[in-house]
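Engineer: Predicted model follows, preceded by the sequence.
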There are 2 protein chains.
Amino acid sequence: MNQILFPDSLVERREDGGRIVLVVMDGVGGLPHPETGRTELECASTPNLDGLAVRSSLGMMIPVKPGISPGSGPGHLALFGYDPVRFRIGRGVLSALGVGLELEPGDVAARLNLATVDADGRITDRRAGRPSDEEGRRVVAKLAAALEAPEGVDVVLRHEKEHRAVLVLRGVGLSPRVGDTDPQRTNVPPLEPETLAPEAERTAALVGALLRRARELLADETAANAVLARGFAAYERYPAFEERFGLRARAIARYPMYQGVARLVGMTAEPPPKSDEGVAAALAERYGAFEFHFLHFKYTDSRGEDGDFDAKVAAIEAVDRLIPRVMAVAPDVLIVTGDHSTPSRYRAHSWHAVPVLIASPWTRPSAATFGETACRGGDLGIFEACHLMTLALAHAGRLARYGA
Amino acid sequence: MNQILFPDSLVERREDGGRIVLVVMDGVGGLPHPETGRTELECASTPNLDGLAVRSSLGMMIPVKPGISPGSGPGHLALFGYDPVRFRIGRGVLSALGVGLELEPGDVAARLNLATVDADGRITDRRAGRPSDEEGRRVVAKLAAALEAPEGVDVVLRHEKEHRAVLVLRGVGLSPRVGDTDPQRTNVPPLEPETLAPEAERTAALVGALLRRARELLADETAANAVLARGFAAYERYPAFEERFGLRARAIARYPMYQGVARLVGMTAEPPPKSDEGVAAALAERYGAFEFHFLHFKYTDSRGEDGDFDAKVAAIEAVDRLIPRVMAVAPDVLIVTGDHSTPSRYRAHSWHAVPVLIASPWTRPSAATFGETACRGGDLGIFEACHLMTLALAHAGRLARYGA
C-alpha cells in the first residue's frame, strides 16, 4: 500500500498548514529552437515567472518514467500525487471524462468510431470519411434518439469530435472485459464483441445487440453507416484527494478533460471559466473554502501540438501576464509547472522532463529565470512527478516528521 | 510484471521508427586525476564525442543502484533494458557465457577452481598455486578427455583462465540447487555437494561422483590435484529483446562474455571482429537487417583495471577515432556510454555513475564536451541504467503515448 498511497501511509499529516495553488501550463516543456538553442519557455518574456523563480526552489519533473510520453490523464494524475503507473485510466473512461460525462462507479465506457461498411458488411473506412464535427454530431444525435436501452441498463451516447463518440453503459453487474469490435483495419467486417472474462458475457451480448441496432438505424447513411467500439473500461473512483492529503481541493479549468481528471480524485470542479483571464480571476472567489487550487491553462499545449514555436511562446507569455492575479491571493505555496512537454518541433506530447517551480518561505533558489536550463540546475533536481504533492505538502507545513 | 518488463506492459510500441546504435565503452567512467582534477574521459582528446555531445542530451547513469559495482553481466543487462536486480544471472552461467559456451534452457553450470589438497584430503591451496593459462588449460584438457559422462547427461568442461574453469551439465531433470564444494578456506577438506532442494538430489550425487573421479584422474599432479565447484546456476532464456522492444538486435563484440550476455536476451551475436576497427567497420554490414546494434569496446575497462590512467585515456581516444565510422551509417539514435565505471585509480569495476550521451533529433543539449562533469549537468539527470532502453525507444519514435 505504501507505494500506492505514498506519502499517506508513510507520514502523518498535520492538522493545519498553508494553502497550495498549482498552476499547470499544459505541455509547457519544449525543445531548443535550432537557431537560438533556447526553448519556447526560454524565449518567452516572462517577467512574473522569473520574479517567482528568483525566490523559488526549481527542478525538472519526469512525468511518468524516463522515456514515457503521457496523455493528459496520467500526466495530471501524477501532479495530483497518484502514481500513474499504478492508477490507470481506461481509454473509454478517459474519453467519457473528456466530453464532460459524470460517471458513477461501475459504469462501463467505450470509445466509438463512426465507420463505413460496404454491402457485404466489410469496413471500407474506419472513420466514415472523417465527418465534420457538425456532421458527426448529427449522426450521433440521431442514434442517441432512436437507440432503445436494454432492460435495466442506461445507455449514454455522446459525440466527441469528428467521427469519434463515447458510449457509457450504466447498470448492475456490467463488466468492461469486452473485446474491441474495431479490427483496426479495413476490408474485414467489424469484430463481434468478445467476452474476455466469464462475468462479461451479458455485457458483451448487450454491446453486440446495440451495435447491430445501430447498423439498422444508420442504414440510410451514405458514409457513417456503422459504429466500431474499443477501449471498454470501468469507472472506479480513486482514493479521495481530500482524504489522502487533508486538502479540500478544486479545479478551475476550462475544458472537460481536466475537470474530469480532477473529479476522478474527488476534487470539486468549478464551472468552467470562458477565458484564461477567467481562470485566474476565479481563484480569488471562494479561495478560503479550499486548501488546494488547481488552475489549468491549455493553450501552451495546443500551440505546441500545432507545431508553432512563436505561438507557443505567446501562449506562455499570456499565462505569465496572469501570474499577478494568482499572486493576489497570496498563496502559501505556489507551484508552476506542466503535466508533460509538448515541444512545438515535436508537435505532440513528449517524454522530456518538465520545468517546475515551488515558491514558499522554505526554498533554496538557484536562478533568476524560469526555464529548462535554469530548472535543470535547481535544488529539486530531476524527480518523478508523482512526488510533487509530497513536496507541496511539506512546503505548506502539512507533513509530520517521519519517525521519531 | 509491470516493473519486470517495464516499459513493455505500460505503453504500446509503434510499428515503425528509427534505428538505434548503442556504443558501449566498457568501464568508461573514471575518477579525477589527483593533479588535474579531471577524469580519464575528461583528459582524453575526443573531438568526435565532443561533436556529438554538443547536439545530444546528456546524463549520468547509475549502473544498478547507488553504491553497487556491477559485473559485466548485470551491467549490460541494465543497458539492454533488463532490470539487473530482477534478472539475475547465476555465476556459473555467466562464466559459461564468458568462455563462449552456448547454453540451452535447463543446462546447469558451475565455476570450477583447480586446487591443491594434501595427503589427508585437506585443501592447502584453493588456486593450485595459480597456474599459468597454459598449465591450467593442460590440466583441464586432461580432465575433459578422461572424465566419463554419467548416463543421460552431457558434461562439458572448459578452461577459463589460470586456475579457473567452467562445468556445464546438460540433461533432463537437472537442478542448480546444489551447494558449493569450495569451503572458501584452507586446511579443511572440500565440502560434499549439498542437496539444497529435494529435486536436486540426483544432480548433487552426480556432481559428487564427478569431483571424486576428478581427484582420481589428477592424483599424479603435484599442484592441481583437486577441483572445487561453486555458483551452480541453471540457464534460462530471458524474455526476448526483440519481443519486448520490437527491435531485431545484434551484438558486434570481440569477447565471448559480451556476445554471451547479448545472446541471453536473444540478440544475434555477429562473428567476433579481430580488432576494434573491425567492430566499427562491421556496423555498416547488414545494417538494414537490424533495428538495434550493440557495439562493444573492451580496452577502456582493461586499462582501468590495469590502473594505468594514461593508457585508459589512450583507449578512450582510440574509440573516439572510430566514431566517424559509426556515424557513417547515420543512426537515427546513437547512444554512447559504459556499463559501469572502472577508474584507473580504483583498478576495478566501481559503483560511480557513468556518463551517457543520446544523439537524436529530439535532444536538449547542454554542453560542448563529453565527460563526467558535463554529463552531470545534462538534461537526462541521473537515472538508473535500466531506463536507458525506454529513452532509446522514445528518441527512435517507437513508443506510443501512455494513456490518452
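Structural biologist: Yes, it's here.
Engineer: thought A:Leu49 was touching A:Ala368?
Structural biologist: No: using Cβ atoms under 8 Å, A:Leu49 is not in contact with A:Ala368, being 10.9 Å away. In this view, the C-beta of every residue, glycine as well, is placed from N, C-alpha and C.
Engineer: and these two? which has more neighbours close in?
Structural biologist: A:Leu49 (24 against 11; other Cβ atoms under 10 Å in any protein chain shown).
Engineer: and stretch A:319-339, anywhere near chain B?
Structural biologist: No: for stretch A:319-339, no contact with chain B is found by Cβ under 8 Å from any Cβ of the partner chain; the gap never falls below 11.0 Å.
Engineer: Export that stretch to CSV, keeping only CA atoms.
Structural biologist: Provided in CSV are the C-alpha atoms of stretch A:319-339 (Å, rounded to 0.1, in the frame of the first residue of the first chain):
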residue,chain,number,x,y,z
VAL,A,319,-0.1,32.9,-18.8
ASP,A,320,2.8,34.9,-17.4
ARG,A,321,0.6,38.0,-17.5
LEU,A,322,-2.0,36.3,-15.4
ILE,A,323,0.5,35.4,-12.6
PRO,A,324,-0.1,38.7,-10.7
ARG,A,325,-3.7,37.8,-10.4
VAL,A,326,-2.7,34.4,-9.0
MET,A,327,-0.3,36.1,-6.6
ALA,A,328,-3.0,38.4,-5.4
VAL,A,329,-4.5,35.7,-3.2
ALA,A,330,-1.0,35.3,-1.6
PRO,A,331,-0.8,31.6,-1.7
ASP,A,332,1.3,30.0,1.0
VAL,A,333,2.7,27.6,-1.6
LEU,A,334,2.6,28.3,-5.4
ILE,A,335,3.7,25.7,-7.9
VAL,A,336,4.0,26.4,-11.6
THR,A,337,4.7,23.5,-13.9
GLY,A,338,3.2,21.4,-16.7
ASP,A,339,1.8,17.9,-17.0
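Engineer: what comes up buried for it?
Structural biologist: Within stretch A:319-339, the residues that qualify as buried are A:319-320, A:322-323, A:325-327, A:329, A:331-339, counting by 16 or more other Cβ atoms under 10 Å in any protein chain shown.
Engineer: now do stretch A:222-239
Structural biologist: Counting neighbours by 16+ other Cβ under 10 Å, the buried set in stretch A:222-239 is A:223-235.
Engineer: Now that stretch - C-alpha only, PDB.
Structural biologist: Below are the C-alpha coordinates for stretch A:222-239, written out as PDB (Å, rounded to 0.1, in the frame of the first residue of the first chain):
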ATOM      1  CA  THR A 222     -24.000   7.000 -47.100                       C
ATOM      2  CA  ALA A 223     -20.800   7.400 -45.000                       C
ATOM      3  CA  ALA A 224     -21.500   6.800 -41.300                       C
ATOM      4  CA  ASN A 225     -23.500   3.600 -41.600                       C
ATOM      5  CA  ALA A 226     -21.800   1.600 -38.800                       C
ATOM      6  CA  VAL A 227     -20.200   2.000 -35.400                       C
ATOM      7  CA  LEU A 228     -17.000   0.500 -34.000                       C
ATOM      8  CA  ALA A 229     -16.300   0.200 -30.300                       C
ATOM      9  CA  ARG A 230     -13.000  -0.100 -28.500                       C
ATOM     10  CA  GLY A 231     -11.300   0.600 -25.100                       C
ATOM     11  CA  PHE A 232     -14.000  -0.800 -22.800                       C
ATOM     12  CA  ALA A 233     -13.200   0.400 -19.300                       C
ATOM     13  CA  ALA A 234     -15.000   0.500 -16.000                       C
ATOM     14  CA  TYR A 235     -15.000   3.700 -13.900                       C
ATOM     15  CA  GLU A 236     -13.800   3.400 -10.400                       C
ATOM     16  CA  ARG A 237     -13.300   6.200  -8.000                       C
ATOM     17  CA  TYR A 238      -9.800   6.600  -6.800                       C
ATOM     18  CA  PRO A 239      -8.900   7.100  -3.100                       C
END
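Engineer: average model confidence for it?
Structural biologist: When pLDDT is averaged over stretch A:222-239, the result is 93.
Engineer: how far out from the middle of the chain is that stretch?
Structural biologist: Averaging C-alpha positions (Cα atoms, centre = their mean, to the nearest Å) puts stretch A:222-239 17 Å from its chain's average.
Engineer: Briefly note if it comes near chain B.
Structural biologist: No: Stretch A:222-239 does not reach chain B (Cβ under 8 Å from any Cβ); its nearest approach is 8.5 Å.
Engineer: who's in contact with the closest residue to A:Asp301 other than its chain neighbours?
Structural biologist: Spatially, and ignoring its direct neighbours in sequence, A:Asp301 is nearest to A:Gly27 (3.2 Å; Cβ to Cβ, 6 or more residues apart in numbering or on different chains). By Cβ atoms under 8 Å, 6 or more residues apart in numbering or on different chains, A:Gly27 lies in contact with A:300-301, A:304-305, A:338-342, A:349.
Engineer: before we move on, what about A:Ile68?
Structural biologist: Contacts of A:Ile68 (Cβ under 8 Å, 6+ apart): A:351, B:7, B:10-11, B:390, B:394, B:399, B:402.
Engineer: From the residues you listed, which shows the smallest pLDDT?
Structural biologist: Lowest pLDDT among these: B:Pro7, 65.
Engineer: Which residue ranges of the stretch 1-150 of chain A form strands?
Structural biologist: A:20-25, A:56-62, A:108-117, A:123-125 (DSSP state E, counting those that start in this stretch).
Engineer: closest one to B:Pro193 among those strands?
Structural biologist: strand A:56-62 (47.8 Å; Cβ to Cβ).
Engineer: quick check, the closest one touching chain B?
Structural biologist: Yes: judged by Cβ under 8 Å from any Cβ, strand A:56-62 and chain B are in contact via A:Met60.
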